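Asker: model this:
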Amino acid sequence: MTDIPLFTPFQLRGVTFPNRIMLAPMCQYQAIDGVPNAWHRAHHGRYATSGVGSVVVEATGISPEGRISPGCTGLYNDAQVAAWREVTDLYRAQGIPVFVQINHAGAKASTKRPWDGAGPLDPQGSGPAWQTFAPSALPAREGWHTPQALDAAGIEGVIRDFAAAARRAIEAGFDGVEIHGAHGYLLHEFMSPYSNRRTDDYGGPVENRMRLPVEVARAVRAALPDDMPLLYRASCVDGEGGGLTLYDTVALSHALRAEGVDMIDASGGGIPAGMRLTQQKPEPGFQVPFAERIRQDTGLPTVAVGMISDPELANSIVAEGKADLVALARGMLSDPAWPYHAAQKLGHPEPASILPKLYAFYLKLAS
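Answerer: Numbering: from 1, shown residues only. Purely as a prediction, here's the structure:
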């Protein structure tokens with residue numbers, strides 16, 4: 001036990017997190033027909049022995065058309081469940097809670113992998129493309145494919161698919177589920193007045209725009225056992241030129257809490273679908289105020305994200321009550337031993353103790 005806040009345990013329903021460091025979801029774009037493979041096992045094997053306190057695996061499609069790209073993982077058939085089980089077994093063997101981020105990419109689906117340009121699939125060259133869906137028939141970017149506006153039956157289908165993916169997550173051995181409501185994908189598209197131009201009960205004021213996210217959360221919560229945590233990743237604000245505000249997201253968070261969501265993973269951006277926020281070279285921790293505000297106003301635990309790679313910054317976020325967990329992606333990519341090095345830098349009395357016993361044994365000999 002240590003009094004360093006970043007290395008204290010955290011409890012959420014029936015799941016104990018050994019520390020406050022979360023591996024953020026990172027799309028790998030390496031799946032075949034939505035099925036994880038040897039690349040995913042190798043990728044996650046790095047982190048199963050890293051000393052992280054929890055993991056959220058990449059944005060995983062609730063349906064074939066809900067995937068971002070042809071290389072994205074899914075949770076809509078039995079083959080995918082079996083393949084994900086091989087990944088969750090890696091983490092469970094080390095006592096690390098592992099969550100899956102379930103997603104529908106909306107108007108940003110049917111795209112090329114980032115290193116192939118990240119543009120829309122072209123049936124004449126990069127296909128096969130597929131029909132995309134969104135709250136309104138507006139392309140995510142100029143020149144992109146025009147999505148089909150979801151009708152009532154389509155909305156019901158999306159809700160069913162989210163719930164079905166949650167049930168498959170249980171079969172696949174995940175400890176919890178995170179609903180992806182950020183980064184310009186379908187649920188964020190419904191929340192944002194920039195992308196949601198509907199005039200029915202799912203458009204207009206924030207109470208209507210949040211209707212689908214809330215209905216999805218209700219269906220997913222009903223699909224999960226009581227002791228399994230449910231997280232929601234939100235883009236708390238749109239990018240420059242969008243209309244979603246932090247006020248809207250606080251209102252959404254209150255509604256999600258009433259439906260049994262246990263934690264908000266507070267991110268931002270994605271609409272309009274131009275430059276990524278991280279490409280604008282923001283200050284480390286630039287999205288922490290989102291997590292802090294939601295935590296203060298709703299009482300929900302939060303995850304802070306956004307260019308957090310310095311251990312002292314990560315520790316101060318938890319120590320000062322700005323968020324309950326801190327999620328890293330690029331920091332962990334560049335240094336899979338980040339938790340161990342953070343423990344050293346923060347003066348942990350036994351930094352090797354956060355690692356598996358085999359690693360700890362040899363590192364203690366060398367110290």
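
Asker: burial of the nearest residue to residue 235 once chain neighbours are set aside, as a residue count?
Answerer: Of all residues not flanking residue 235 in the chain, residue 182 sits nearest, at 3.9 Å (C-beta to C-beta, 6 or more residues apart in numbering). (Glycine included, C-beta is placed from N, CA and C.) Using other C-beta atoms under 10 Å, residue 182 is surrounded by 26 other residues.

Asker: Check what pLDDT residue 182 gets.
Answerer: Looking at residue 182, its pLDDT is 98.

Asker: Isn't it up against residue 237?
Answerer: No - Residue 182 is beyond contact range of residue 237, at 10.5 Å (criterion: C-beta atoms under 8 Å).

Asker: Need the residues touching each of the two.
Answerer: Contact criterion C-beta atoms under 8 Å, 6 or more residues apart in numbering; residues shared by residue 182 and residue 237: residue 268.

Asker: For residue 212, see how far away residue 156 is.
Answerer: For residue 156, the distance to residue 212 equals 10 Å [C-beta to C-beta, to the nearest Å].

Asker: Which of those two has more residues huddled nearby?
Answerer: Neighbour totals were compared for residue 156 and residue 212, and residue 212 leads with 24 against 13 (other C-beta under 10 Å).

Asker: Hmm, residue 197 and residue 136 touching each other?
Answerer: Yes - with contact defined as C-beta under 8 Å, residue 136 reaches residue 197; the gap is 4.3 Å.

Asker: And the helices in the stretch 201-350 of the chain, which stretches?
Answerer: Counting by DSSP state H, counting those that start in this stretch, the stretch 201-350 of the chain has helices at residues 206-209, 211-223, 246-258, 288-298, 311-319, 330-334, 338-345.

Asker: Of those, which is nearest residue 121?
Answerer: Nearest to residue 121 among the helices of the stretch 201-350 of the chain is helix 211-223 (25.1 Å), distances taken as C-beta to C-beta.

Asker: Run the angle between the closest one and helix 246-258 for me.
Answerer: Interaxial angle, helix 211-223 versus helix 246-258 (axes from the mean of the first three to the mean of the last three C-alpha atoms, to 10 degrees): 30 degrees.

Asker: Buried residues in helix 211-223, which are they?
Answerer: For helix 211-223, the neighbour count (16 or more other C-beta atoms under 10 Å) marks 211, 212, 213, 214, 215, 216, 217, 218, 219, 220, 221, 223 as buried.

Asker: Next one: the first one relative to residue 331, how far apart?
Answerer: So the one you mean is residue 211. Distance check for residue 211 against residue 331: by C-beta to C-beta, it reads 36 Å.

Asker: Just give me the longest helix of the protein.
Answerer: helix 152-171 (DSSP state H).

Asker: got a list of contacts for that helix?
Answerer: Residues outside helix 152-171 that contact it (C-beta under 8 Å, 6+ apart) are 60, 62-63, 66, 75-76, 80-81, 84-85, 100, 102, 104, 133, 148, 150, 177, 179, 186, 202, 212, 215-216, 219-220, 222-225, 228.

Asker: from those, which ones fall inside strands?
Answerer: Per DSSP state E, strands hold the following members of the contacts of helix 152-171: 60, 100, 102, 133, 148, 177, 179.

Asker: who wins for neighbours among the residues you listed?
Answerer: Neighbour counts for the ones in strands among the contacts of helix 152-171, by other C-beta under 10 Å, peak at residue 60, which reaches 32 neighbours.

Asker: Setting the sequence-adjacent residues aside, check what's closest to that one.
Answerer: Nearest residue to residue 60, sequence neighbours excluded (C-beta to C-beta, 6+ apart): residue 73, at 4.6 Å.

Asker: my read: that neighbour touches residue 87, true?
Answerer: No - under the criterion of C-beta under 8 Å, residue 73 makes no contact with residue 87, lying 9.6 Å away.

Asker: Many thanks, I have nothing further to ask.
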